[in-house]
Every structure is written in C-alpha cells, then in structure tokens.
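>>> Below is the sequence, then the predicted model.
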Amino acid sequence: MALDPDEYFFIVPKMLGNGLSTSPSNTPPLYSKARFPDVAVYDNDSLQQKLVTEHFGIERLALGTGWSMGAGQTYQWAVVLPASIGVRQDLVRPLELLETLLSTGVLGALIRMVLPD
C-alpha cells in the first residue's frame, strides 16, 4: 500500500551528522573526525519532535516510518514518546518485516544474491 500525499502531510527531516548537515567528515578542525560531538538517535528525535510540535503545531503523528536509521528513529519515538505517534495496523512495521525475512530465509537469499562468490 502506498502512502497517499493527498491523505497525509509528509515531514522528511534530515539527520544530525548525516553528511548533508555538519558531520565528522565535513567539519573543519577543531571539531572534525573523532572530536565531533557525540550525537545519538534521541538527539535527532528530540529535535524532530520540536519541529513537529512547535513549528508545525502537530501534537500526534498518524504514522512514523523509515528504513535503516529512519526505522531506528521511528522505534525511538514509539518507545520514548508513545502518545505522539500512531501505529497503522494495515502497514508492515520494520521489525515485523525483518522478523519475517529472517524466519523465512528470504534475507539470507537476498544477501547471497548481492555478495560475490
């Protein structure tokens, strides 16, 4: 099922330190590389929550979704701010998908397809 932009308002924020913003690889010395401040998933979620509530005036999201780090951020929101994010039962959640891929052997098959012999 596709997410319909006529039905939902999409917010797609960038992450702190993702390379498109200031990150360890593009910050000039004194704070480059290992001296770059520690940034956690919680830091991103905290700022995203402020963006959603203070800038857009939204108190509850209908859905959070993502792949890779986006999935981790969605999970963090659900754990730390459960009242602020909805769950749609008709959409596959990332952890359920991973569990399905692992239990059916599909993930192993996909990995073997992309790795050299």
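Great, that's in hand. Residues are numbered from 1 along each chain as shown.

>>> how about low-confidence regions in this structure?
Low-confidence segments of the chain, defined by pLDDT under 70: 1, 17-20, 87-117.

>>> show me where it has helices.
Listed in chain order, the helices of the chain (DSSP state H) span 41-50, 69-80, 94-104, 106-114.

>>> So what's the residue count around Leu47?
13 (other CB atoms under 10 Å). Glycine gets a C-beta too; all of them are placed from N, C-alpha and C.

>>> dump the residue contacts of it.
By CB atoms under 8 Å, 6 or more residues apart in numbering, Leu47 lies in contact with 13, 16.

>>> again, only this time at 10 Å
13, 15-16 (CB atoms under 10 Å, 6 or more residues apart in numbering).

>>> Quickly note the distance from the closest residue to Lys33 other than its chain neighbours to Arg60.
Excluding the flanking residues, the one nearest Lys33 by CB to CB, 6 or more residues apart in numbering is Pro24, at 5.3 Å. Pro24 is 34 Å from Arg60, where distance means CB to CB, to the nearest Å.

>>> These two: which has the busier surroundings?
Pro24 (15 against 11).

>>> quick one: the more buried one and Leu16 touch, right?
No: applying CB atoms under 10 Å, one finds Pro24 not in contact with Leu16, separated by 11.0 Å.

>>> any common contacting residues for those two?
Taking CB under 10 Å, 6+ apart as the contact rule, the neighbours common to Pro24 and Leu16 are 37, 39.

>>> how about the residue nearest to Lys33, what does it touch?
Counting by CB under 10 Å, 6+ apart, Pro24 has contacts 17, 31-37, 39.

>>> One more pass at 8 Å, please.
Contacts of Pro24 (CB under 8 Å, 6+ apart): 17, 32-34, 36.

>>> again with Met15
Contacts of Met15 (CB under 8 Å, 6+ apart): 21, 44, 69, 73.

>>> can we see that at 10 Å?
Residues near Met15 by CB under 10 Å, 6+ apart: 21, 23, 39, 41, 43-44, 47-48, 69-70, 73.

>>> can you give me phi and psi for it?
Main-chain dihedrals, Met15, degrees, to the nearest 10: phi -100, psi 150.

>>> Could you tell me how far it is located from Gly57?
Distance from Met15 to Gly57, by CB to CB: 23 Å.
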